[in-house]
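Q: Below are the sequence and a predicted model for it; my questions follow.
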Amino acid sequence: MTDIVSSERPLDGLIALVTGATRGIGRAAAIGLAQAGAHVIAVGRTQGALEALDDEILKLTGERATLVPLDVTKGDDIDQLGGAIHQRWGKLDILVHAAGILGELTPASHIEPKLWDRVIATNLTSSYRLIRSLEPLLRLSKAGRAIFLTTGVATQPRAFWGVYAASKAGMESIVSCWADEIEQTSIRTVLLQPGAMRTAMRAKAYPGEIPESLPHPSEIAPLVVELTRPDRSPPARVEFRDWKAQRA
């Protein structure tokens, strides 16, 4: 890491892995990181959507991303990805875990076991598997950064949000424990709370809401870049709303 970081490309030469990179906040984060100079490893379930993201990154930066069609509920595939990253780059500088699902808004007593298992696997277990597989690579970075997207219902649960709230509360717990364990390393973790944003998940949760009244996911990209800069130490938890208000 050099002492001087370019203001235009503050992440120049860094390797960034983004899950959920094909839509919403994950896609915006991948594009923002690429524009800031990072080489993006884009993870998503749909090959076509990954290729569309790659075309956009190429148009904006002149460089291609590395595309990884992968379901984050497949832990063994995450392990294989970690091995491939080590073989090709020898380290990982940035992790943005944006993959996640809402499930269904339903009373806790009505949650179907299959739904519970799917949401927990996607939102919670995948976080543990990423930590397990990628910590060694982040340790090899001079300033590893790991961002996990969270939600207000993780700490302020409410009716019908049980499975989603539980999955995110568990995710916050494992990330916070991990952060305490690696305090003496150069890795820093961030729980990033986007709040209300114009995403497909938000539209599913609030079908009567007017999407145009909400911030577009691209608005959070500068914050993601700021939190992953190697010359700065990010806070452990950030709310997009508060950061935006500070800049206003």
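A: Right, received. Where do you want to start? Small disclaimer: the values here were computed from a predicted structure and weren't measured.

Q: rest of the way, CA atoms for contacts and neighbours
A: Will do.

Q: surely residue 174 meets residue 126?
A: No - Residue 174 is not in contact with residue 126 according to C-alpha atoms under 8 Å; the separation is 11.1 Å.

Q: the more surrounded of the two?
A: The neighbour comparison of residue 174 against residue 126 (other C-alpha atoms under 10 Å) goes to residue 126, with 22 against 17.

Q: need the contact list for that one.
A: With contact set as C-alpha atoms under 8 Å, 6 or more residues apart in numbering, residue 126 has these partners: 72, 73, 74, 75.

Q: Who wins on neighbours among those?
A: Going by other C-alpha under 10 Å, residue 72 tops the contacts of residue 126 with 25 neighbours.

Q: Leaving out the residues flanking it, which one is nearest to that residue?
A: Spatial nearest neighbour of residue 72, chain neighbours left out: residue 126 (5.7 Å); criterion: C-alpha to C-alpha, 6 or more residues apart in numbering.

Q: Looks to me like the one you found is in a helix.
A: Yes - under DSSP: H, G, I helix; E, B strand; the rest coil, residue 126 falls within a helix.

Q: Rebuild the contacts of residue 126 as TSV, extending it with distance to residue 43, secondary structure and pLDDT.
A: Shown next, in TSV, are those (distance: C-alpha to C-alpha, whole Å; DSSP: H, G, I helix; E, B strand; the rest coil; pLDDT from 0 to 100):
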residue	distance to residue 43	secondary structure	pLDDT
72	8	coil	98
73	12	coil	98
74	12	coil	97
75	14	helix	97
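
Q: low-scoring stretches of the chain, by residue?
A: 1-6 (pLDDT under 70).

Q: at 50 instead, please
A: 1-4 (pLDDT under 50).

Q: Would you map the helices across it?
A: Per DSSP state H, the chain has helices spanning 24-35, 47-61, 75-88, 113-120, 126-139, 162-181, 200-205, 221-228, 240-247. These are given in chain order.

Q: With distance to residue 194 added, can I get these in CSV?
A: Formatted as CSV, the helices of the chain follow (distance: least, C-alpha to C-alpha, whole Å):
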stretch, distance to residue 194
helix 24-35, 9
helix 47-61, 21
helix 75-88, 25
helix 113-120, 19
helix 126-139, 18
helix 162-181, 13
helix 200-205, 11
helix 221-228, 10
helix 240-247, 5
